[in-house]
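Trainee: any chance you could fold what I've pasted below:
(chains A and B)
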2 protein chains.
Amino acid sequence: MLSEASGSIAGAGALLSILRDGRARTRAELVQLTGLARSTLAQRLDALLSQQWIVPTEEAVSSGGRPAVAFTFNRSARVVLAADLGATHARVAVTDLATEVLAERAAEVPIDRGPEATLTWLQHTFEEMLAETGHSPREVCGIGVGLPGPVEHSSGRPVNPPIMPGWDGFPVPEWLGERLGAPVLADNDVNIMALGEHWAARPEADHLIFVKVGTGIGCGIISDRRLHRGAQGAAGDIGHIRVASALDTVCRCGNVGCLEAVAGGAAMAARLRAAGVEAAGSRDVVRLVRAGNTQAVQLIRQTGRELGDVLASIVNFFNPSVIVVGGDIAEAGEQVLAGLREVIYSRSLPLATQHLTITSSELGDRAGVIGAAVMVVDHVLSPDTVDQAVTRA
Amino acid sequence: MLSEASGSIAGAGALLSILRDGRARTRAELVQLTGLARSTLAQRLDALLSQQWIVPTEEAVSSGGRPAVAFTFNRSARVVLAADLGATHARVAVTDLATEVLAERAAEVPIDRGPEATLTWLQHTFEEMLAETGHSPREVCGIGVGLPGPVEHSSGRPVNPPIMPGWDGFPVPEWLGERLGAPVLADNDVNIMALGEHWAARPEADHLIFVKVGTGIGCGIISDRRLHRGAQGAAGDIGHIRVASALDTVCRCGNVGCLEAVAGGAAMAARLRAAGVEAAGSRDVVRLVRAGNTQAVQLIRQTGRELGDVLASIVNFFNPSVIVVGGDIAEAGEQVLAGLREVIYSRSLPLATQHLTITSSELGDRAGVIGAAVMVVDHVLSPDTVDQAVTRA
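Mentor: Prediction:
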């Protein structure tokens, strides 16, 4: 309906997509690139200029005449608010439309304090950081939030999240959106980590799997350069795949035999405690590995193999070009990767592993917050969203 | 380069994409929909008309004036040649640009006779069917071929195909293309089955897995309505995922423990022979199940469970909305599905299975040949390919 009713402005988003590469282009160049009528092009440029999505610049024409006006994408037109809320830690950032970080903070924020306490803290933190960077709430084009549990993508609401008491079905986007006056997108933390790592460190990879090994285990999936969320947004929940070595272990999900029940950070810490080594969680496991504790090193190597068992099957099924390992446990580095590679290279098909890269996260604990910003920018700058924005204005 | 050098024709493909829905549209409607200058629109329409991609029709204007010329997509502009070559059977079709079948044949053609003998037969069959349907080779816009082994998608060449002696690296597209004078796309048979089933029977599914259980086992993957081939085109090779029940069984791939080594049609026939029941291959297994042979029924139920073990992990990882089971063994119907459902519903996460459909193929042994035609049409009608075609003309 929209596209027929207001044809000339409806194409503004597509025009912005062309200009988003940052190159300045004159009216003449844009007419040639798009085939648009001059009058139509003028309407669309006006719509984008009036909202400062693009800015005019002066450029010398190549034939040496007087300078012609050219137009470029304005990455400072808006700001993005991004947050990665983990089980106990939060990382928050303000970025521009190219996801460059303008301000960033990390803090201890236990998610089990419930949604209102956590999101009130987040709201105030965003407000403070906006003030610090000299931006007003009106400049915020969108807010991205990562949460440590399953999230229904269409509504942004957590769905039975095991480690988030009080959050089940909580309307995160509405709650934050009302208070901060901008659209809110929420997603599972592993999905946004995959987005962030792909965007910042592996932009050339068509098919990427980001495995987070922290207290629990999950993965984010990039298929053909896009996030694969699956039919219910549940894709990537590999922590509850059954493995032979866990068949006598009960998982927190109620099933027996889950990968997470033997290879998650919480499970590893419990195994160390049973062996008389003090360890409260995944960070202690990493600390022990770094300190050279033999039991911890053996355990983490074995964890790599158990994870490798599951990923070897996934490599046969999905044929990714890159597997990235992140999360707390990944900070034990090569010990995890060694076990993982050992199993994947021996069990997956040669065709699927010949150019496979298995590596640890480059962004580390910043992957999630960068990915939350990428999620917002992808949405805000999509042609449909831009068309709606300029039509409303 | 092309898009800048010949801007007005370069957009012809995008214009065809709009018209491909089959609705007739006047020049005025197209100007409003696209925002194109009248002169640019005229050039693009001329390019499409001259190659008969579209045809003019007369339509009364809604305001009641004299009839205005409208344009519609011409699904009879070209024909498509499609073939699904299996281990011993071949199915061949001629279709229009909407993949409607104009002629179809099935024949016994052992793939192990090698590429030249098989493809010579295919060439002659295509030529005969073209003549029968009253079309000339010049009307063929593309040829799609499915092969029972791994195929490098970019080159269309088989890569170490285990049951296709003599085919490794054989230039299928060049060989057929030279003789039939049209571009050739080749792909793994399971990929084209997934395409065919998705197009014809499950167009509403965003994420679909088509599992073929024949002599071997493999799957085709639709992610976000597109075929997911993976980094080396090796995605979907689930027949060689390790399963606990096969750890003492050597697979034809040289590894031990592969799913295919216990649940493939060849393995099932071997297990029946070992128990004193005569069975040469997967078709005999199906015949025995249908005849109510107890050992065969038990075996196929167990096969469903073993396949379910692997698919339960894949459901957690990928969260499809539909799993379709095809191939010879699927013809034993509910016995396979029962075992499969039993394991998937008990082992996969509730969120991932709450709306999951597990069903047998609607197209049956025609899924591959329809999918081969879909693959060609998707390629031939893509905006870039149309632009190149009209620019060359």
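Trainee: any idea how far apart the tips of stretch A:378-385 sit?
Mentor: In terms of Cα to Cα, to the nearest Å, the two terminal residues of stretch A:378-385 are separated by 10 Å.
Trainee: ok, now which ones touch A:Asn255?
Mentor: Residues near A:Asn255 by Cβ atoms under 8 Å, 6 or more residues apart in numbering or on different chains: A:His240, A:Arg242, B:Arg347. (Glycine included, C-beta is placed from N, CA and C.)
Trainee: just those now: which is nearest A:Val376?
Mentor: A:His240 (29.3 Å; Cβ to Cβ).
Trainee: how about the contacts made by that closest one?
Mentor: Contacts of A:His240 (Cβ under 8 Å, 6+ apart): A:Cys251, A:Cys253, A:Asn255, A:Cys258, A:Leu259, A:Glu260, B:Asn316, B:Leu349.
Trainee: count the residues that sit near A:Ile18.
Mentor: Using other Cβ atoms under 10 Å in any protein chain shown, A:Ile18 has 14 other residues around it.
Trainee: also A:Ser50?
Mentor: Using other Cβ under 10 Å as the criterion, A:Ser50 is surrounded by 10 other residues.
Trainee: okay, the closest residue to A:Arg242 other than its chain neighbours: pLDDT?
Mentor: The shortest distance from A:Arg242 to any non-neighbouring residue, by Cβ to Cβ, 6 or more residues apart in numbering or on different chains, is to A:Gly257 (4.1 Å). Looking at A:Gly257, its pLDDT reads 86.
Trainee: does A:Gly257 touch A:Glu306 like I think?
Mentor: No: assessed by Cβ atoms under 8 Å, A:Gly257 is found out of contact with A:Glu306, at 11.4 Å.
Trainee: any idea which helix or strand carries A:Ile221?
Mentor: Taking DSSP states H and E as the criterion, A:Ile221 maps to strand A:217-223.
Trainee: what of A:Ala98?
Mentor: Counting by DSSP H and E, no helix or strand carries A:Ala98.
Trainee: dump the residue contacts of it.
Mentor: By Cβ under 8 Å, 6+ apart, A:Ala98 lies in contact with A:Arg75, A:Val377.
Trainee: for it, give its distance to A:Glu178.
Mentor: Distance from A:Ala98 to A:Glu178, counting by Cβ to Cβ, to the nearest Å: 28 Å.
Trainee: please apply the same query to A:His355.
Mentor: Per Cβ to Cβ, A:His355 is found 48 Å from A:Glu178.
Trainee: and A:Ala194, by the same measure?
Mentor: A:Ala194 is 29 Å from A:Glu178, by Cβ to Cβ.
Trainee: which residues touch the residue of the stretch 1-150 of chain A at minimum distance from chain B?
Mentor: Minimum separation of the stretch 1-150 of chain A from chain B (Cβ to the nearest Cβ) falls at A:Ala37, amounting to 3.6 Å. Contacts here follow Cβ under 8 Å, 6+ apart; on that basis A:Ala37 touches B:Gly35, B:Leu36, B:Ala37, B:Arg38, B:Thr40.
Trainee: PyMOL command for the buried members of those residues?
Mentor: The buried residues among the contacts of A:Ala37 can be selected in PyMOL (16 or more other Cβ atoms under 10 Å in any protein chain shown) with this line:
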select buried, chain B and resi 35+36+37+40
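Trainee: quick check, nearest of the contacts of A:Ala37 to A:Arg27?
Mentor: So of the contacts of A:Ala37, ranked by how close each gets to A:Arg27 (Cβ to Cβ), first place is B:Ala37, at 13.3 Å.
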